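Enquirer: structure of the sequence below:
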Amino acid sequence: QVYHRTSPKAGVIYRVAEGAEVFANVSGSFEPPSFSEGPVAGQPLAAQKAVTWEVGTRGERRLGSAALSWDLAYYRARLRDELLAIEVNGVSTTQSADQTLHQGVELGLRAAADRWRVMASYLYNDFRFLRSGDALIGDGGDIAGLPRQVFAGEAALRLPGGIWAGPTVRAASRSWVDHANTLSAPGYAIYGIKINQALAGGVEWFIEGRNLADKSYAATTGVIRNAGGADQAQFNPGEGRAVYVGVSKTF
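Expert: From the prediction side, this is the model:
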């Protein structure tokens, strides 16, 4: 098989003020199937093609004694013949969808002062089938395998001795197991605590407790075509209560 296509890209960045800018770009992408993907029913898979638009802003500003930095982007991609991995009779296989949409928002924030800091990231994922009667899934809605929303954040206070300590959180909405959207993993939120200190000579130590409530949740799932609403062994459990200790050195 021979695959060929051009993938043009163009972008622009405009500085609206010192330390703040907006940007926009458009790009084509092209992904032929690998040797392990296909053929399906004796027919070679078509290459995945997409055009992606993105707009956003990033920057850093001073607010009194605190520094605020941000990175915000919205993207939208229309794909043809998207290569999707699904399980068929317990075996992972790759098949092509007719037309799909990937769009979403990516947001990162950080604020810090002498005695406190806060960091957070947020993802909104809208990945779905566009064509009713798609050859891969029929009349499916959302593409399975990822949650619609994901949030991660942490805050810390500076204690005597230069020790930083504070809570952490990670949360996600439900995630579909099947492209027909009949079986899903519930959303979850897990909490922890992180303590760290930077020492002389570029040495830093940390202690981090994760999922301190020992919550049971599905971190990831298998992806299948249609579960018919029946519970199946497709859920991969997330990590339980755990404590990590580490030391790093910068040379």
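
Enquirer: in which helix or strand would I find T93?
Expert: Secondary-structure assignment from DSSP states H and E places T93 in strand 91-96.

Enquirer: which strands and helices sit next to that strand?
Expert: Packing partners of strand 91-96 (3 or more CB pairs under 8 Å, 6 or more residues apart in numbering; DSSP states H and E): strand 83-88. For glycine as for every other residue, the C-beta is placed from the backbone atoms N, C-alpha and C.

Enquirer: so what's the closest residue to Y244 other than its chain neighbours up against?
Expert: Closest residue to Y244 apart from its sequence neighbours, by CB to CB, 6 or more residues apart in numbering: E208 at 4.7 Å. Contact analysis of E208 by CB atoms under 8 Å, 6 or more residues apart in numbering lists 168, 192-195, 243-245.

Enquirer: swap in 7 Å and give it another go.
Expert: Residues near E208 by CB atoms under 7 Å, 6 or more residues apart in numbering: 192, 194, 244.

Enquirer: on that earlier part again, partners of the strand holding T93 in the sheet?
Expert: Taking DSSP bridges as the criterion, strand 91-96 sits next to strand 83-88 (antiparallel) in its sheet.

Enquirer: tell me which residues of the strand it pairs with are tucked away?
Expert: 83-84, 86-87 (16 or more other CB atoms under 10 Å).

Enquirer: would you mind writing the CA trace of it as CSV?
Expert: Written as CSV, here are the backbone C-alpha positions of strand 83-88 (Å, rounded to 0.1, in the frame of the first residue of the first chain):
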residue,chain,number,x,y,z
LEU,A,83,-8.0,4.9,13.6
LEU,A,84,-9.7,3.6,16.7
ALA,A,85,-8.6,0.6,18.8
ILE,A,86,-11.4,-1.6,20.1
GLU,A,87,-11.6,-5.0,21.7
VAL,A,88,-13.2,-7.8,19.7
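
Enquirer: how about residues contacting it?
Expert: In contact with strand 83-88 (CB under 7 Å, 6+ apart) are residues 31, 33, 37, 45, 48, 92-97, 136, 222-225.

Enquirer: which ChimeraX command selects the buried ones in these?
Expert: Restricted to buried positions by 16+ other CB under 10 Å, the ChimeraX selection for those reads:
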select :31,33,37,45,48,95,96,97,136,222,223,224,225
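
Enquirer: quick one, which of the contacts of strand 83-88 has the minimum pLDDT?
Expert: On pLDDT alone, L136 ranks lowest of the contacts of strand 83-88, at 62.

Enquirer: which residues in the stretch 101-250 of the chain form strands?
Expert: Secondary structure of the stretch 101-250 of the chain by DSSP state E, counting those that start in this stretch: the strands cover 116-129, 149-159, 163-172, 175-176, 184-185, 188-198, 203-210, 218-221, 235-237, 242-249.

Enquirer: would you mind finding the most buried of these?
Expert: strand 175-176 (a mean of 24; mean count of other CB atoms under 10 Å).

Enquirer: and the nearest residue to G202 once chain neighbours are set aside, what pLDDT?
Expert: Closest residue to G202 apart from its sequence neighbours, by CB to CB, 6+ apart: T250 at 3.6 Å. At T250, the pLDDT value in this model is 88.

Enquirer: could you do R174 as well?
Expert: pLDDT, R174: 96.

Enquirer: these two touch, right, it and A185?
Expert: Yes - using CB atoms under 7 Å, R174 is in contact with A185, at 6.2 Å.

Enquirer: skipping its backbone neighbours, what lies nearest V26 in space?
Expert: Excluding the flanking residues, the one nearest V26 by CB to CB, 6+ apart is W53, at 5.2 Å.

Enquirer: show the contacting residues for G59.
Expert: Taking CB under 7 Å, 6+ apart, one finds 19-21, 70 in contact with G59.

Enquirer: sorry, slip of the keys, the one I care about is A156.
Expert: By CB under 7 Å, 6+ apart, A156 lies in contact with 116-117, 164-166.
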